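Peer 1: no sequence for this one, just the structure:
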Ligand SMILES: Cc1ncc(COP(=O)(O)O)c(C=O)c1O
């Protein structure tokens, strides 16, 4: 094929940006391998037929009077409101399940959480101004960081500590940036069953984080796709539910509570800023940005999700009970398999293998007794037929996460979990 001499966005050559595709495709490349690699929701519980039928529920319940005509359907085929058509349903869901009180007009529907991230970054940062910095605790979900990299945004990594962020390091980082004439504008975080570590941020730490946001004038992006998957801990309110200062932008997603193909997410943004001495409503700026990305989120898909919420009386708790229980059993099977596996001389307490027991979500993290490289991962997949994710994949700083791996258990049977852990232990013992 004739090649064209041309340049593209140079930032795309950053190897960090290969990681998302790697996670999505490695199981396809090695179909025989047991994969703890990507945190997919359990297919056995996808209620696709049921959710498709909810489109009709939406149409039927939206009718004020008279027959449902072709025009009713055709209106849903037309371009529609940029911020969405089911915002009232989302506001009711948030109040019912999360105790978050928000006006429907302060919500913007998005094509999955991923579009929410793009909208937030494009709206809050101007890469050419060069003074705004994004803070992330490391390791961190790569969807937000990856997009920020494509957009050319400066990113500062903050240490994690216990089940949350090291707040001392966060403060030091903010002050260091201030000295350099930079403003830490946004902190991205997944407080509920963090991807990739599985951590559930304690209440006190959430409150202190909100105080820091107010003190140092930054916004917190709270990404919450896993919050419903709580197994055995007390419910801790989301940052948004606790936020007295309106510092939190809350991102929701239906990828795990329904299924990823609905590509449905939303941002709660009830902030008013003073910019150049004028008040601006942040959600209206998000709307402007979105109108140049996806124009509006598919109205047909919104109708499906809206119909589902109406059928469920605007609560996803009851409709997810089976899924949550199934994932809890997978978590238990994972812990049981890890506990009963033989780790030889690498056992816990000897500087060797060690794992956490997450109280929700799809992931746990494991310390391994040697540096995990891409080459070793490849060897493990090819020789031992088991896939995992090195924690360094989720870090910008190459010194972080080198002796840790992430294990996803959400889409596996108990039997596969058992087999996979045996293969993993064989690999780890052979390499220690
Ligand atoms: C922390 C986190 N946020 C967002 C997403 C993506 O959500 P969506 O499918 O709604 O784009 C994922 C998917 O794995 C995730 O782990």
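Peer 2: Cool, the structure landed. The model shown is predicted, which means the values in this text are computed figures rather than measured ones.
Peer 1: can you give me the distance of the closest residue to the ligand within the chain to residue 255?
Peer 2: Taking Cβ to the nearest ligand atom, the ligand has its nearest neighbour within the chain at residue 112, 2.9 Å off. Where C-beta positions appear, they are placed from N, C-alpha and C, glycine not excepted. Distance from residue 112 to residue 255, counting by Cβ to Cβ, to the nearest Å: 6 Å.
Peer 1: give me the common contacts of these two.
Peer 2: Common neighbours of residue 112 and residue 255, using Cβ atoms under 8 Å, 6 or more residues apart in numbering, are 263, 264, 265.
Peer 1: among those residues, which ones are in strands?
Peer 2: 264, 265 (DSSP state E).
Peer 1: what does the model give the nearest residue to residue 43 once chain neighbours are set aside for pLDDT?
Peer 2: Setting aside the residues directly before and after it, residue 43 is nearest to residue 411 in space (Cβ to Cβ, 6 or more residues apart in numbering), at 6.5 Å. Per-residue pLDDT puts residue 411 at 91.
Peer 1: pretty sure residue 411 contacts residue 36?
Peer 2: No - counting by Cβ atoms under 8 Å, residue 411 sits too far from residue 36 to count as a contact (9.8 Å).
Peer 1: same drill for the two, tell me which one is more crowded.
Peer 2: residue 36 (29 against 19; other Cβ atoms under 10 Å).
Peer 1: hmm, back to that, quick one: the residue nearest to residue 43 and residue 362, what's the gap?
Peer 2: On the measure of Cβ to Cβ, residue 411 and residue 362 end up 8 Å apart.
Peer 1: what sits in contact with each of these two?
Peer 2: 39, 41.
Peer 1: OK, contacts around residue 365?
Peer 2: Here residue 365 is in contact with 196, 197, 198, 355, 356, 391, 404, 405, 406, 407 (Cβ under 8 Å, 6+ apart).
Peer 1: what kind of secondary structure is the nearest residue to the fourth one once chain neighbours are set aside in?
Peer 2: Pointing back at residue 355 there. Distance criterion Cβ to Cβ, 6+ apart; nearest residue to residue 355, sequence neighbours excluded, is residue 366 at 4.2 Å. Three-state call for residue 366 (DSSP: H, G, I helix; E, B strand; the rest coil): strand.
Peer 1: didn't residue 366 look like it was pressed against residue 408?
Peer 2: No - when contacts are counted by Cβ under 8 Å, residue 366 is not listed as touching residue 408 (11.6 Å).
Peer 1: pLDDT weak spots in the stretch 101-250 of the chain?
Peer 2: Along the stretch 101-250 of the chain, the model assigns pLDDT under 70 to no residue.
Peer 1: mind listing the helices for it?
Peer 2: 112-124, 142-151, 167-179, 203-216, 239-242 (DSSP state H, counting those that start in this stretch).
Peer 1: again, but for the stretch 251-400 of the chain
Peer 2: So, for the stretch 251-400 of the chain - with DSSP H, counting those that start in this stretch - the helices run 282-291, 299-311, 321-340, 374-379.
Peer 1: most tightly packed of those?
Peer 2: helix 299-311 (a mean of 22; mean count of other Cβ atoms under 10 Å).
Peer 1: that one - contacts with which helices or strands?
Peer 2: Helix 299-311 sits against helix 48-62, helix 70-77, helix 87-93, strand 264-268, with contacts defined as 3 or more Cβ pairs under 8 Å, 6 or more residues apart in numbering; DSSP states H and E.
Peer 1: from memory residue 334 sits against residue 410, does it?
Peer 2: No - the pair residue 334 / residue 410 is not scored as a contact, 9.9 Å apart, by Cβ under 8 Å.
Peer 1: lowest average confidence across the helices of the stretch 251-400 of the chain, which one?
Peer 2: helix 374-379 (a mean of 90).
Peer 1: any chance of a PyMOL selection covering the buried ones in the contacts of residue 365?
Peer 2: Filtering the contacts of residue 365 down to the buried ones (16 or more other Cβ atoms under 10 Å) takes a single PyMOL command:
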select buried, resi 196+197+198+355+391+404+405+406+407
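Peer 1: got the contacts of residue 365 as TSV, with distance to residue 57 columns?
Peer 2: Listed next are the contacts of residue 365 as TSV, based on distance: Cβ to Cβ, whole Å:
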residue	distance to residue 57
196	37
197	38
198	35
355	43
356	41
391	43
404	45
405	43
406	38
407	38
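Peer 1: for residue 47, see how far away residue 62 is.
Peer 2: Taking Cβ to Cβ, one finds residue 62 at 21 Å from residue 47.
Peer 1: same check, this time on residue 108
Peer 2: 26 Å.
Peer 1: same question, residue 324
Peer 2: 14 Å.
Peer 1: which one of the helices and strands packed on helix 299-311 has the lowest average pLDDT?
Peer 2: Least confidently modelled of the helices and strands packed on helix 299-311 is helix 70-77, at a mean of 88 by mean pLDDT.
Peer 1: tell me the domain ranges of the protein?
Peer 2: Listed by automatic domain parsing, the domain ranges of the chain are 10-45+320-431, 54-311.
Peer 1: just say which of the helices of the stretch 101-250 of the chain is most tucked in.
Peer 2: helix 112-124 (a mean of 23).
Peer 1: returning to what we had before: for the residue nearest to residue 43, give me its contacts.
Peer 2: 39, 40, 41, 42, 43.
Peer 1: where does the second one land in three-state SS?
Peer 2: Put simply, residue 40 is coil when judged by three-state DSSP.
Peer 1: residue 305 contacts residue 255, correct?
Peer 2: No - using Cβ under 8 Å as the test, residue 305 is too far from residue 255 to be in contact (11.3 Å).
Peer 1: what's the burial count for the nearest residue to residue 33 once chain neighbours are set aside?
Peer 2: Using Cβ to Cβ, 6+ apart and skipping the chain neighbours, the partner closest in space to residue 33 is residue 385 (4.5 Å). Residue 385: 16 surrounding residues under other Cβ under 10 Å.
Peer 1: and the protein, which of its residues are near the ligand?
Peer 2: 39, 112-114, 141, 143, 190, 195, 223, 225, 253, 255, 260, 265 (Cβ under 6 Å from any ligand atom).
Peer 1: and with 8 Å instead?
Peer 2: 38-39, 111-117, 141, 143-144, 190, 194-195, 223, 225-226, 251, 253-256, 260, 263-265, 362 (Cβ under 8 Å from any ligand atom).
Peer 1: and the buried ones among those residues, selectable in PyMOL?
Peer 2: Per 16+ other Cβ under 10 Å, the buried members of the residues of the chain next to the ligand correspond to this PyMOL selection:
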select buried, resi 38+39+111+112+113+114+115+116+117+141+143+144+190+194+195+223+225+226+251+253+254+255+256+263+264+265+362
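Peer 1: now do residue 118 against residue 93, distance only.
Peer 2: Residue 118 is 23 Å from residue 93, by Cβ to Cβ.
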